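1. okay, structure incoming, though there's no sequence with it:
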């Protein structure tokens, strides 16, 4: 067992206070209200009853906060699961979904206990963006029927037949449902833009429900389709399944586990950036696994970390995992005392909420960045996106990872060279060498050795986790970085943004042809400034002097670093560097 850490709740309670409780209480109630319409909408879009989403949010929300490795992570049903859950229910039924969720939970627990949770970082950025874009498109397509109030008995599960069916029945559009959905969408957007502290989805849900009840609008509601939501807490029940279901569900279970791991850890990283904390990835995965094992026994869906709800939790003032527990208890209170009112909620409003969710989760701003990358990177993204939308999410993830792995091997192989050392080579290398260079004490040099591709970018955390120890000017020496990809470039952009946010300057120097070409295509100079990208260390030191505008008074000695690792190197001595092993 390689957890090595206790749940964040245990740490948080050691110095808990009344002030923190009030902050957690307010944040928990707020995010609980935000989660209410989302939990129901995700369940309905997955082919399940709305209470399945609420039961999942209550059970998994509580367990993920109580056992997890993040102080502010909020767990529950998310949009990432909608497509895969819908397919599992359609093919294997509700009991098949429950078994699949339990299997996925076991996989997540194993990943966490063995320390393999960090293996998620080996999924390259283009693959993640590809199936995130694809899932967003699929979710939006599933909401068209309710958004426009179309009269369709059964909507196909596959994308193309679904769109054909929707087009064929578009003449049945309901002007009232459409107007209601558009108004709900406008309310959400206005709240997001002008009243950010007010959850727009709740405002839209309440206003839409009141309008439907007061004016008795002829639109479909949770009551007309599902008969309402049972009042009371989730009840324990053993799912009915048999051993011969295990093998057919193994591949979907791996997909659910993979999506759960990716989204929960991405959400935890976002929470770290917003709160200044640092999560424990393996503890988080164990908590996610336990939550998914337990959820089916209460009729719940698969769950993972929810990025939007986690961000809402932090913005609302959450300090500890108690806020996540309060969020779960808030939903439980709604089930106990307000469940009968849910029957009046119009499905058009829930469709509008999910339309906004699908847009926000799509990471559309990443697509222009992808198109600035190499043709291979664009191909990986495009194939993953196309397979997600037109084929199958499981196939998309598997094929995307295989393709990325092959491209990884090809990229590393292309950077391996065998050349003869000549006088010209030695002379060309002198400006890059740290020998006989005087390094001022206001400069920290960081160097990257080897390919900086997906799977190796985590090594940069050696620097980002200790920003307060760095000097005013940081030089990133890329002389020995043989290759970079989209994931590596994103890590460098993140480093640049963090350094600038802390008031420090970043200068890059010595990049080889492949990294130089990719950084130019991606317009990386916008993150650091064109003048801060230098051809060699000598020019970088001159630039550092100009940036800092102080005399050279100290030096930095480089220290050995393993391939693929970023190693900061500093010294307070005033003698020049002369050790030959730190040359070019």
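-> That came through, no problem. Keep in mind that what you see is a predicted model, and the values were worked out from it rather than measured.

2. low-confidence regions, the stretch 351-500 of the chain specifically.
-> Within the stretch 351-500 of the chain, the ranges that satisfy pLDDT under 70 run 397, 404, 408, 411-422, 425-427, 429, 454-458.

3. now the strands for it?
-> Applying DSSP state E, counting those that start in this stretch to the stretch 351-500 of the chain gives strands spanning 443-448, 473-477.

4. who does the shortest one pair up with?
-> Meaning strand 473-477. Applying DSSP bridges to the sheet, strand 473-477 is found paired with strand 443-448 (parallel), strand 505-509 (parallel).

5. adding mean neighbour count and distance to residue 266, write the ones you listed out as TSV.
-> C-beta coordinates here come from the backbone N, C-alpha and C atoms, glycine included. TSV is the format used below for the strands paired with strand 473-477 (neighbours: other CB atoms under 10 Å; distance: least, CB to CB, whole Å):
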stretch	mean neighbour count	distance to residue 266
strand 443-448	25	23
strand 505-509	24	24
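
6. make TSV out of the ones you listed and add distance to residue 487.
-> Listed next are the strands paired with strand 473-477 as TSV, based on distance: least, CB to CB, whole Å:
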stretch	distance to residue 487
strand 443-448	14
strand 505-509	18
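
7. so which of the ones you listed is nearest residue 80?
-> Shortest distance between residue 80 and the strands paired with strand 473-477, using CB to CB, is found for strand 443-448: 31.9 Å.

8. of the strands of the stretch 351-500 of the chain, which is nearest residue 199?
-> Nearest to residue 199, of these and by CB to CB, is strand 473-477 at 39.5 Å.

9. what lies in contact with the closest one?
-> For strand 473-477, the surrounding residues in contact (CB atoms under 8 Å, 6 or more residues apart in numbering) are 442-448, 492, 495, 499, 504-510, 537, 540-541, 544, 547-548.

10. so what's the nearest residue to residue 52 once chain neighbours are set aside up against?
-> Nearest residue to residue 52 in three dimensions, chain neighbours excluded: residue 43, at 4.5 Å (CB to CB, 6 or more residues apart in numbering). Residue 43 makes contact with 49, 50, 51, 52, 53, 54, 56, 77, 301, according to CB under 8 Å, 6+ apart.

11. could you dump the residues you listed to CSV with neighbour count?
-> Putting the contacts of residue 43 into CSV (neighbours: other CB atoms under 10 Å) gives the following:
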residue, neighbour count
49, 21
50, 25
51, 24
52, 27
53, 29
54, 29
56, 32
77, 33
301, 30
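
12. tell me which of the residues you listed is nearest to residue 153?
-> residue 49 (18.3 Å).

13. so what's the gap between stretch 166-185 and the chain middle?
-> Centroid separation for stretch 166-185 versus its chain: 32 Å, with CA atoms, centre = their mean, to the nearest Å.

14. ugh, typo on my part, it should be stretch 253-261
-> The chain centroid and the centroid of stretch 253-261 are separated by 14 Å under CA atoms, centre = their mean.

15. which residues are in contact with it?
-> Counting by CB under 8 Å, 6+ apart, 80-81, 84-85, 100-101, 103-105, 107-108, 111, 117, 120, 123, 285, 288, 292, 302-304, 393-394, 397 sit against stretch 253-261.

16. buried subset of those, written for PyMOL?
-> Those of the contacts of stretch 253-261 that count as buried under 16 or more other CB atoms under 10 Å are selected in PyMOL with:
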select buried, resi 80+81+84+85+100+101+103+104+105+107+108+111+117+120+123+285+288+292+302+303+304+393+394+397
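
17. of the contacts of stretch 253-261, which belong to strands?
-> residue 304 (DSSP state E).

18. name the element the residue nearest to residue 52 belongs to?
-> According to DSSP states H and E, residue 43 maps onto helix 18-45.

19. what mean pLDDT does that helix get?
-> The pLDDT scores in helix 18-45 average 94.

20. off-centre distance for that helix?
-> On CA atoms, centre = their mean, the centre of helix 18-45 falls 19 Å from that of its chain.

21. can you list the buried residues in that helix?
-> 20-21, 23-25, 27-45.

22. over to stretch 337-354?
-> Judged by neighbour count (16+ other CB under 10 Å), stretch 337-354 contains these buried residues: 339, 341-354.

23. list the contacts of residue 528.
-> Contacts of residue 528 (CB under 8 Å, 6+ apart): 496, 506, 507, 508.

24. can you name the residues bridging to the spatially closest residue to residue 525 that is not a sequence neighbour?
-> Using CB to CB, 6+ apart and skipping the chain neighbours, the partner closest in space to residue 525 is residue 533 (5.8 Å). Taking DSSP bridges as the rule, residue 533 bridges to residue 508.

25. would you enumerate the residues in contact with residue 533?
-> Residues in contact with residue 533 (CB under 8 Å, 6+ apart) are 507, 508, 509, 511, 519, 524, 525.

26. so which of those residues comes closest to residue 263?
-> The closest of the contacts of residue 533 to residue 263 turns out to be residue 524 (CB to CB; 27.3 Å).

27. that closest one reaches residue 495, doesn't it?
-> No. Between residue 524 and residue 495 no contact is recorded; they are 11.3 Å apart, counting by CB atoms under 8 Å.

28. now the element after whichever strand or helix holds residue 87, going C-ward?
-> Using DSSP H and E, residue 87 sits in helix 82-113. On the C-terminal side of helix 82-113, the nearest following helix or strand under DSSP H and E is helix 125-142.

29. between that following helix and helix 18-45, how big is the angle?
-> Calculated by axes from the mean of the first three to the mean of the last three CA atoms, to 10 degrees, helix 125-142 forms an angle of 60 degrees with helix 18-45.

30. what's the angle between helix 125-142 and helix 82-113?
-> 140 degrees.

31. and helix 125-142, what does it pack onto?
-> Applying 3 or more CB pairs under 8 Å, 6 or more residues apart in numbering; DSSP states H and E, we find helix 125-142 packed against helix 82-113, helix 159-168, helix 347-361, helix 366-370, helix 375-390, helix 393-414, helix 486-501.

32. buried sites along the fourth one?
-> Translated: helix 366-370. For helix 366-370, burial by neighbour count (16+ other CB under 10 Å) applies to 366, 369, 370.

33. going by distance to residue 437, which of those wins?
-> Nearest to residue 437 among the buried residues of helix 366-370: residue 369, at 34.7 Å, using CB to CB.

34. disregarding flanking residues, what is the spatial nearest neighbour of that closest one?
-> Spatial nearest neighbour of residue 369, chain neighbours left out: residue 522 (6.3 Å); criterion: CB to CB, 6+ apart.

35. could you pull up phi and psi at residue 73?
-> According to degrees, to the nearest 10, the main-chain angles of residue 73 amount to phi -60, psi 140.
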